[in-house]
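In: build me a structure from this.
(one chain, ligands or ions: 1)
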Amino acid sequence: MTAHRVVVIGSGFGGLAAVKALKRAPVDVTMIARTQHHLFQPLLYQVATGILSEGEIAPSTRRILRDQRNAEVLLGDVVDIDLASRTVVSELLGRQYRTPYDSLIVAAGAGQSYFGNDHFAEFAPGIKTLDDALEIRARIVGAFEAAERCGDVDLRQRLLTFTVIGAGPTGVELAGQLAELAGRTLKGEFRSIDPTAARVILLDAAPAVLAPMGANLGAKAQARLRQLGVEIQLGATVVDVDVDGLMVRYSDGAMGRIESACKVWSAGVSASPLARLIAQQAGAEVDRAGRLVVLPDLTVPGHPNVFVVGDMAAVPGVPGMAQGAMQGAKYAARAIRADLLGHCPPLQGPFHCVEREPFHYLDKGSMATVSRFSAVAKVGRLEVAGIFAWLAWLLLHLVYLVGFKSKVTTVISWAATFLTMNRGQLTVTEQQVSVFDAPDHPETHDRSDIPDPAVDAA
Ligand SMILES: Cc1cc2nc3c(=O)[nH]c(=O)nc-3n(C[C@H](O)[C@H](O)[C@H](O)COP(=O)(O)OP(=O)(O)OC[C@H]3O[C@@H](n4cnc5c(N)ncnc54)[C@H](O)[C@@H]3O)c2cc1C
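Out: Predicted coordinates:
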């Protein structure tokens, strides 16, 4: 008799946790993901700003799971899920593959949302994948290099203005690191420009920085960023982005323009399109962020063998954070195991014969670093800011980083960066830097065709 087949889509926090949690279950697990690594997204901004290398935060899933005999890893982009025939269709290098399942755990995460303005992405990449982080690194390094060669004062100023759109944890962390990169690491490395004169601007449509963490911690993070020289514009909605800068509508109705060659978008998320695909087949709903509204046991209505977890599931009270994905994935794995090992009368089949307890999320708190030696953390009612929060942040991220080697090399990279202000990962390749074409052709950009600023963003 063949073992019960579990297919897991995604190798992120949810996908990997699900596969690992099924290690001792009497099942065959197939993980299908479009990347061959497990990405630790919370440290992407450190790859973008030259602190860590991509390998340190993205070990190979094949390697991680090599000793789990009941698990196999397949690289592929899932393009279809057929709930009726219980089949997942994935693509790799132009070929299609069909993988049948008995149980399915979908953990395909979320992408960047530009709130209907997808054309912003060309000029203001989001930071969701390793490719994004490396592109942003190339844009940052490329801007400094182009400024060094630039004789035009206005263009040089535009090249040395870095804008981060979205003042959530990622935006705050990125802006803080950009300020430290320009103000400390690159100091003295150029001959024509002064990197410490670079502007870092952090924008958000909301009236506060780190709004979900509360007014107190938001104010502390804001004060620290200002100390570092970050300019913060709140109540500032980005309504258009182009190669040279962005248009902003302020809360008092005034319009403004920021000339900035290097822009990063960290303002919104949109669930994997697989959520909508499943919803259409199951007659289920998706919310405004495209997340599938699942049942209390994280399954798709009418399909007790299909679980949706992590950033692509809408579950009341569960934030789009790593803990939510991991806890949801472990719950799904436990439910599958319980169904199989439970006391099901044979004729009823393996699924859902045991009444499932609803998924319960345990809130372990949230944190964000602002700069070296400074972070903010909130655990329940406890709020901490400063160096203790920063040390806790370092420790926790080390605990959750996968792989002993990654942990060791990350500690070494952090020590080098935070104690000496040097960064070992500011290398960009010729090919990477060539994507940043803004400095080469500024005069060819015709400003007269900027569309009406009419859409809400940021
Ligand atoms: C920059 C950044 C910083 C963050 N910082 C924090 C933080 O400090 N703390 C915190 O708790 N959370 C943080 N988060 C959020 C956290 O990373 C997510 O909540 C978590 O990754 C969600 O896990 P997931 O498994 O749902 O999705 P992901 O971890 O995103 O994994 C999705 C997986 O699905 C794969 N995939 C997607 N589509 C397909 C497809 N069609 N076919 C095949 N595979 C597919 C992807 O390749 C990936 O392997 C951060 C996120 C970002 C982007």
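In: pLDDT at Phe436, what is it?
Out: Looking at Phe436, its pLDDT is 65.
In: the residue in the stretch 301-450 of the chain that the ligand sits nearest to: neighbouring residues, count only.
Out: Using C-beta to the nearest ligand atom, the closest approach of the stretch 301-450 of the chain to the ligand is made by Gly310 at 2.1 Å. In short, each C-beta sits where N, CA and C put it, glycine included. Neighbours of Gly310 under the rule other C-beta atoms under 10 Å: 33.
In: for the one 5 residues further on, same thing?
Out: Using other C-beta under 10 Å, Val315 has 21 neighbouring residues.
In: if we can go back for a sec, wait, the residue of the stretch 301-450 of the chain closest to the ligand touches Ile9, no?
Out: No: using C-beta atoms under 8 Å, Gly310 is not in contact with Ile9, being 10.5 Å away.
In: shared neighbours, these two?
Out: Common contact partners of Gly310 and Ile9 (C-beta atoms under 8 Å, 6 or more residues apart in numbering): Ala107.
In: alpha carbons of stretch 228-245, as CSV, please.
Out: Taking Å, rounded to 0.1, in the frame of the first residue of the first chain, the C-alpha atoms of stretch 228-245 are listed here in CSV:
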residue,chain,number,x,y,z
LEU,A,228,20.7,59.1,12.3
GLY,A,229,19.7,61.8,9.9
VAL,A,230,16.7,60.0,8.3
GLU,A,231,14.1,62.5,7.1
ILE,A,232,10.6,61.2,7.9
GLN,A,233,7.5,62.3,6.1
LEU,A,234,4.3,61.0,7.5
GLY,A,235,0.8,61.5,6.1
ALA,A,236,2.6,61.3,2.8
THR,A,237,0.9,59.3,0.1
VAL,A,238,3.0,58.3,-2.9
VAL,A,239,0.9,58.9,-6.0
ASP,A,240,3.4,58.3,-8.7
VAL,A,241,6.9,57.0,-9.2
ASP,A,242,9.2,57.5,-12.1
VAL,A,243,12.9,57.0,-12.9
ASP,A,244,13.9,60.3,-11.3
GLY,A,245,11.7,60.5,-8.3
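In: mean confidence for it?
Out: pLDDT averaged over stretch 228-245 equals 97, rounded to a whole number.
In: repeat that for stretch 268-279.
Out: 96.
In: how about stretch 399-410?
Out: Per-residue confidence for stretch 399-410 averages out to 85 on the pLDDT scale.
In: can you check stretch 291-299 too?
Out: When pLDDT is averaged over stretch 291-299, the result is 97.
In: in that stretch, what's buried?
Out: Neighbour-count burial for stretch 291-299, counted by 16 or more other C-beta atoms under 10 Å, picks out Arg291, Leu292, Val293, Val294, Leu295, Asp297, Leu298, Thr299.
In: which residue sits closest to the fifth one in space, ignoring its chain neighbours?
Out: Among residues not flanking Leu295 along the chain, Pro301 sits closest, at 5.9 Å (C-beta to C-beta, 6 or more residues apart in numbering).
In: so the closest residue to Gln323 other than its chain neighbours is in which element?
Out: The shortest distance from Gln323 to any residue that is not its chain neighbour, by C-beta to C-beta, 6+ apart, is 5.4 Å, and that residue is Lys364. Lys364 is part of no helix or strand when elements are defined by DSSP states H and E.
In: then Gly116?
Out: Element membership for Gly116, per DSSP H and E: none, as it lies in no helix or strand.
In: what do you get for Arg66?
Out: Of the helices and strands defined by DSSP H and E, none includes Arg66.
In: ok, it - how many residues close by?
Out: Counted with other C-beta under 10 Å, residues neighbouring Arg66 total 11.
In: quick one: residues contacting Leu39.
Out: With contacts defined as C-beta under 8 Å, 6+ apart, Leu39 is in contact with Ser11, Gly12, Ile57, Ala58, Thr129, Leu130.
In: taking those together, which two end up most distant?
Out: Greatest spatial distance in the contacts of Leu39: Ser11 and Ile57, 13.3 Å, computed using C-beta to C-beta.
In: verify the stated contact: Ala3 with Thr30.
Out: No: at 11.3 Å, Ala3 does not count as touching Thr30 under the criterion of C-beta under 8 Å.
In: what's the burial count for Arg184?
Out: The local packing count at Arg184 equals 18, with neighbours defined by other C-beta under 10 Å.
In: apologies, that question was intended for Gly55.
Out: Neighbours of Gly55 under the rule other C-beta under 10 Å: 16.
In: that one and Ala17, how far apart?
Out: With the distance defined as C-beta to C-beta, to the nearest Å, Gly55 ends up 21 Å from Ala17.
In: now swap in Thr410 and tell me
Out: Counting by C-beta to C-beta, the separation of Thr410 from Ala17 is 20 Å.
In: which SS state does the spatially most central residue of the chain fall under?
Out: Among the residues of the chain, the one closest to the centroid is Lys128, at 3.8 Å (C-alpha atoms, centre = their mean). Following DSSP: H, G, I helix; E, B strand; the rest coil, Lys128 is assigned to coil.
In: does it really touch Gly111, like I thought?
Out: Yes: in this structure, Lys128 sits in contact with Gly111. The criterion is C-beta under 8 Å, and the distance is 5.9 Å.
In: which parts of the chain belong to which domain?
Out: Domains of the chain are assigned by automatic domain parsing as 4-34+76-112+269-341, 118-267+365-433.
In: and the last one, does that touch the ligand?
Out: Yes: contact of domain 118-267+365-433 with the ligand is found when judged by C-beta under 6 Å from any ligand atom, involving Ile127, Lys128, Pro169, Thr170.
In: what's the burial count for Glu135?
Out: Number of residues near Glu135 (other C-beta under 10 Å) recorded here: 21.
In: what sits closest to it if chain neighbours are left out?
Out: Pro125 (5.4 Å).
In: for the one you found, give me its contacts.
Out: Residues touching Pro125, when contacts are defined by C-beta under 8 Å, 6+ apart, comprise Asp132, Glu135, Ile136, Arg139, Val264, Trp265.
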